[in-house]
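Trainee: Sequence below, structure please.
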Amino acid sequence: EEEEEEEDAGMESLTRSASYIASLKALCAEAEAEAEAEEAAEGDGPAAPEPVLSSPRSTDGGEAETLIFDRYLADQRLWDDLKFARFRFVEYGFEPSLDGRERQPLLLEQAYELGKGGLAWDGAYILAEHVLATAPAWMRANRQCRILEMGSGTGLCGLAVAKHVGGSVTLTDGDPTLIPLMRRNVERNAIGGWAGEIAGVELLRWDEQATYLCSGGMSGDEGEGVQGGGGGEGGEDARFDVILAADCVAPIYGAESLVRALAAHAHSETVVLLTCKDGRWEDHAKAFRDALEERFEVADVPRVCSRVRSPWHVATVARLRRAESPLVRGPDTPPREEEPTTMTTTSTEGEETTTTSIDGERQKRAMAALPSVDAAARLPWAHLPGFLSEAEVQELLAVGENVRGAVASLRHGCSEREASSLEAGKPWRTSFVHAGRALERTAPALFEAIVTRLRRADVDALGGVMTGAELANGIEANVRTAEIHEVTAGGELSDPDHYDGGSLLTLDIMLSRPGEDFEGGSFTAAEGSVEAEGSDEGSHNMRGPPGEWRRGDALLFPSHKRHNISRVTAGRRVVFVLEMWQGPARDCPHRCCARTGTCSLAPSAKAEGELLQRPLTDFLAGLH
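Mentor: A predicted model of the protein is given here:
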C-alpha cells in the first residue's frame with residue numbers, strides 16, 4: 001500500500017509539472033499568435049524584425065555580448081527562467097526617479113555552469129524592482145538599516161538596494177561556489193559609488209549543515225550544525241531589519257528549515273519580503289506557507305511594483321509574530337489568542353440605517369495604518385507641477401460636465417456643517433465622477449495615469465505613506481472617491497478641524513487658472529509640530545504649497561492632514577479631488593464610509609450593465 005501511495009504521489013507530481021509546462025507553452029503560443037496577427041494586420045509589408053536583445057559591453061577581459069534587460073522588457077514574450085542562460089552578462093537598467101534622475105544600471109555576471117544559483121531569475125528582478133519602488137516606506141525610520149538577502153545567487157536584488165536605496169546590505173547564498181561570483185559583481189558595480197554599502201558576502205545555509213550569521217537564533221532553533229557567524233551574541237541588535245529572498249521556495253530547500261533561518265535572523269520589527277512562483281510545487285508551497293504563518297504575520301502584497309510581467313510570481317510580506325520575537329518568546333509562552341473573525345458596525349446614510357458584518361481583523365489593520373491628525377501634520381506633503389497635461393485637464397473637465405447635473409446635489413458624506421455648503425444652490429458644488437465608474441469607463445487611460453502617478457509620487461515625494469500601509473497590513477489601497485469641486489464667489493472651507501477622515505492619501509489637481517479664472521480660494525494645510533504658545537492645544541501652522549499652484553499641478557498629502565480653502569472672492573475655482581483608502585473601490589455617488597460590503601447607493605449589477613447601452617448622463621440621472 002505504501003508503494004502504491006508513493007507511486008500515486010509521484011504521478012500526481014508529474015501531472016502538476018506537465019500542467020505547468022503546458023501552461024507555459026500555451027502562453028508562448030498565445031504570444032506568437034498575437035505577433036502573427038499583428039504582422040497580418042500590417043498587410044504585405046516586410047515582417048517586423050526580431051528584437052535585438054544584446055549588445056557588446058566592456059567587461060573584465062574586454063568585450064562580451066551582453067543582454068540589455070530593458071530591450072527584453074519592451075517585448076516580453078518568454079516566461080522560461082532559462083531564457084537568458086546563454087548570456088554571460090546582463091545589463092539591468094532601472095526606471096528613473098519621479099524627478100527625472102537617471103539610475104545607473106547594474107552589470108551582472110551570470111555563470112550557468114554553476115547551476116541554478118548562477119543565473120538571475122525572474123523572481124529576483126521582480127523583487128528588486130518592488131523593493132526599489134517601495135523602499136521609502138520601510139526605510140523611512142533608518143536610512144542605514146541592516147538588510148539581509150538570502151539565496152542571493154548573482155546578488156541582483158541586494159546590489160540594487162545598496163546601489164540606489166541605501167542601508168547596510170549583506171549578500172548570502174548556501175552554495176560556496178557562488179561566493180566568488182557575487183564578490184565579482186560587487187566589485188564591478190562599485191563604480192559610481194553606493195547609496196548604502198555592501199557589508200559583506202557570506203555563506204548562509206539553512207539545511208542540515210546550517211550556518212547562520214546570528215549565533216543561536218531563536219528558542220528551539222539551536223541544533224546540531226548551527227554555527228555562529230557575524231551576528232555576535234544573537235540579540236535583537238545583531239539581527240536584520242529587512243530580509244529579502246527571491247525564488248527560495250522550492251522542493252530543493254526544506255520549507256521548515258527556510259522558515260527557521262528567516263526567524264533566526266529576524267527581530268520583532270523585521271520586514272521579510274519574498275517572491276515565489278504561484279502554482280508550481282503546490283504541496284511544497286503550501287507546507288512553506290503553513291510553516292511561515294506559524295511564526296510570522298503573513299500577507300500577500302496586493303500590488304507588485306515591477307515591469308516584469310511574469311504570470312507566475314507572487315510577492316509576500318511577513319513580520320515575526322510577537323510571541324515569536326527572540327526577546328519575548330520562551331518555552332512557557334502560551335499560544336496567541338485568536339483574533340475575532342467578524343465584527344458588526346452600524347452606518348447611517350440620511351435616515352436609512354444599515355448593519356454590515358465585516359472582517360474584524362482586516363478592519364483593525366486598515367484603521368491602525370491611519371496616522372493621527374497630529375502625526376499627519378508632521379508628515380510631508382508635495383506640490384507636483386505638471387501632474388496633468390492641458391489635454392488631460394480638458395478631458396477631465398469633460399467628464400465632469402457629463403456627471404455634474406446628475407449627482408452634484410447628493411450629500412458629500414462629511415460633517416453636517418460641511419455638507420450644508422455642498423448642497424445644490426450653494427457656492428460649492430461637488431460632482432462625484434467615480435459614480436457608476438464614470439471616469440474609469442469614459443477615460444480609462446486618464447484614470448489609470450492619475451492613479452499610477454499618484455502611487456509613484458507617494459513613494460518618491462512622501463516616503464511611501466500609502467505603500468507603507470499596504471506593506472504593513474497587506475491590504476490594497478483603492479479609490480474611495482473622485483470628485484470635481486466647483487466653487488464660486490463666497491465659497492470656502494474654513495473649518496479648522498477639517499480633514500479627510502478614514503482615507504490614506506488625498507490628491508488635489510487644479511483645473512482652473514488661478515488669478516485668471518478666479519480670485520482667492522487659497523489652499524493651506526497643517527504643517528510641522530503643534531504650536532506650543534499662542535494657540536489652542538492641537539492647532540498647527542497652516543501653510544500653502546511650496547510653489548505656485550497652476551492649472552494641471554497637483555497637491556498630494558496624507559488625508560488626515562488638516563486643510564482649508566480660503567474664500568473665493570470672484571470667478572469659479574475648479575479642482576479635482578481623489579482619495580485613496582484601504583477599502584473597496586467605490587462607485588456609489590457620494591463619499592462612502594462603508595469599508596466592506598455593498599453600499600446602498602451603489603449601482604446595481606443590472607444598472608451597471610445598462611450603462612454599456614445608455615448614455616452616461618441618462619444612467620447617472622437614474623441614480624438621483
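
Trainee: Where do the helices of the stretch 51-200 of the chain begin and end?
Mentor: For the stretch 51-200 of the chain, the helices defined by DSSP state H, counting those that start in this stretch cover 69-73, 122-139, 156-164, 179-188.

Trainee: Quickly compare those and say which is most buried.
Mentor: Sort these by mean neighbour count, taking mean count of other CB atoms under 10 Å, and helix 156-164 sits at the top with a mean of 27. Glycine gets a C-beta too; all of them are placed from N, C-alpha and C.

Trainee: if we can go back for a sec, mean pLDDT lowest where, among the helices of the stretch 51-200 of the chain?
Mentor: Here those differ in mean pLDDT, and the lowest is helix 122-139 at a mean of 81.

Trainee: In terms of secondary structure, what does it contact?
Mentor: helix 156-164, strand 240-246, strand 266-277, strand 313-320, helix 444-462, helix 465-473 (3 or more CB pairs under 8 Å, 6 or more residues apart in numbering; DSSP states H and E).

Trainee: Of these, flag the one that's most buried.
Mentor: helix 156-164 (a mean of 27).

Trainee: List of residues touching that one?
Mentor: Identification of contacts with helix 156-164 by CB atoms under 8 Å, 6 or more residues apart in numbering yields 92, 94, 103-104, 106, 108, 120, 124-125, 127-128, 131-132, 135, 147, 149, 152, 167, 169-171, 185-186, 189, 194-198, 244, 246.

Trainee: now with 6 Å?
Mentor: Helix 156-164 is contacted from outside by 103, 106, 108, 120, 124, 127-128, 131-132, 149, 152, 169, 171, 189, 194-196, 198, 244, 246, using CB atoms under 6 Å, 6 or more residues apart in numbering.

Trainee: and what of stretch 189-205?
Mentor: 104, 106, 159, 162-172, 174, 176, 179, 182-183, 186, 211.

Trainee: Repeat that for stretch 470-483.
Mentor: Contacts of stretch 470-483 (CB under 6 Å, 6+ apart): 137, 299, 302-303, 317, 365-366, 369, 430, 432-434, 439, 466, 503-504, 577-582, 585-586, 591.

Trainee: That one: end-to-end distance?
Mentor: Using CA to CA, to the nearest Å, the end-to-end distance of stretch 470-483 comes to 24 Å.

Trainee: which SSE is the closest residue to residue 207 other than its chain neighbours in?
Mentor: Nearest non-adjacent residue to residue 207, counting by CB to CB, 6 or more residues apart in numbering: residue 257, 6.0 Å away. Assigned by DSSP states H and E, residue 257 belongs to helix 255-264.

Trainee: Residue 572 now?
Mentor: strand 568-581.

Trainee: next one: residue 480
Mentor: strand 478-488.

Trainee: Sheet partners, orientation included, of the next helix or strand after that strand?
Mentor: Sequence-wise, the next helix or strand downstream of strand 478-488 (DSSP H and E) is strand 505-510. Applying DSSP bridges to the sheet, strand 505-510 is found paired with strand 554-558 (antiparallel), strand 568-581 (antiparallel).

Trainee: Tell me the spacing between residue 295 and residue 320.
Mentor: Distance of residue 295 to residue 320, given as CB to CB, to the nearest Å: 7 Å.

Trainee: ah, wrong one, I meant residue 166
Mentor: Taking CB to CB, one finds residue 166 at 23 Å from residue 320.

Trainee: For the nearest residue to residue 285 once chain neighbours are set aside, list the residues it contacts.
Mentor: Leaving aside its chain neighbours, residue 285 sits nearest to residue 249 (5.9 Å; criterion: CB to CB, 6+ apart). Residue 249 sits next to 276, 285, 288 when contact means CB under 6 Å, 6+ apart.

Trainee: CSV for those, including distance to residue 204 and pLDDT?
Mentor: Shown next, in CSV, are these (distance: CB to CB, whole Å; pLDDT from 0 to 100):
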residue, distance to residue 204, pLDDT
276, 18, 84
285, 22, 81
288, 18, 89
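
Trainee: Residue 596 is in what secondary structure piece?
Mentor: Going by DSSP H and E, residue 596 is not part of any helix or strand.

Trainee: could you redo the contacts of residue 249 as CSV and give each row distance to residue 508?
Mentor: Below are the contacts of residue 249 laid out as CSV (distance: CB to CB, whole Å):
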residue, distance to residue 508
276, 39
285, 43
288, 44
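
Trainee: Which one of those is nearest to residue 560?
Mentor: Using CB to CB, residue 276 comes nearest to residue 560 of the contacts of residue 249, at 35.3 Å.

Trainee: Skipping adjacent residues, who's closest to that closest one in space?
Mentor: residue 249 (3.8 Å).

Trainee: Can I take it that that neighbour is in a strand?
Mentor: No - counting by DSSP: H, G, I helix; E, B strand; the rest coil, residue 249 is located in no strand; its state is coil.

Trainee: Show the model's pLDDT score for it.
Mentor: pLDDT, residue 249: 86.

Trainee: could you measure it against residue 470, distance?
Mentor: Relative to residue 470, and taking CB to CB, residue 249 is found at 22 Å.

Trainee: Residue 438 too?
Mentor: Distance, residue 438 to residue 470, using CB to CB: 26 Å.

Trainee: Then residue 166?
Mentor: Residue 166 sits 21 Å away from residue 470, taking CB to CB as the criterion.

Trainee: same thing with residue 443?
Mentor: On the measure of CB to CB, residue 443 and residue 470 end up 25 Å apart.

Trainee: wouldn't residue 510 be in contact with residue 549 here?
Mentor: Yes - the criterion here is CB atoms under 6 Å, and residue 510 meets it with residue 549 at 5.4 Å.

Trainee: which of these two has more neighbours?
Mentor: Neighbour totals were compared for residue 510 and residue 549, and residue 510 leads with 24 against 21 (other CB atoms under 10 Å).

Trainee: For the nearest residue to residue 245 once chain neighbours are set aside, give me the pLDDT.
Mentor: Nearest in space to residue 245, with sequence neighbours left out and distances taken as CB to CB, 6+ apart, is residue 150 at 4.5 Å. pLDDT, residue 150: 96.
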